[in-house]
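Trainee: below is the structure, and that's it, no one-letter string:
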């Protein structure tokens, strides 16, 4: 049973990374909710820890977490840069992408 939960959790992580790569705010929010649900389900069914996980599987999951973090930081930095550019355009009412 824990194996299925891990698979669902891993799929939710992969979906989040794909949504982050797609730059779709709606998809990102949906995937975040799915990942939260998968995480909650896994935690509830495994009692907070699952000693049956191999070190290889744990490493794969950690890599997915790191990939999502990098993408979130990148998108955050891009948004901040665009907001700065918009704020400093003076009287211009038009926006041009980077």
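Mentor: Alright, I've got the coordinates. Bear in mind that the values here come from a model prediction, so they are computed numbers and not experimental data.

Trainee: run the chain-centre distance for stretch 78-92.
Mentor: Taking Cα atoms, centre = their mean, to the nearest Å, one finds the center of stretch 78-92 at 26 Å from the center of the full chain.

Trainee: show me what the helix ranked longest in the chain is packed up against.
Mentor: Ranked by residue count under DSSP state H, the longest helix found in the chain is helix 55-87. Helices and strands touching helix 55-87, by 3 or more Cβ pairs under 8 Å, 6 or more residues apart in numbering; DSSP states H and E, are helix 2-22. (Each C-beta comes from the backbone N, C-alpha and C, glycine too.)

Trainee: now the helix or strand following the helix it packs on: mean pLDDT?
Mentor: On the C-terminal side of helix 2-22, the nearest following helix or strand under DSSP states H and E is helix 25-46. Helix 25-46 comes out with an average pLDDT of 83.

Trainee: would you indicate which residues of helix 25-46 are buried?
Mentor: Within helix 25-46, the residues scored as buried using 16 or more other Cβ atoms under 10 Å are 27-28, 31-32, 34-35, 38, 42, 46.

Trainee: other residues contacting that helix?
Mentor: Contacts to helix 25-46, defined as Cβ atoms under 8 Å, 6 or more residues apart in numbering, come from residues 1-2, 5-6, 8-9, 11-13, 15-16, 18-20, 50.
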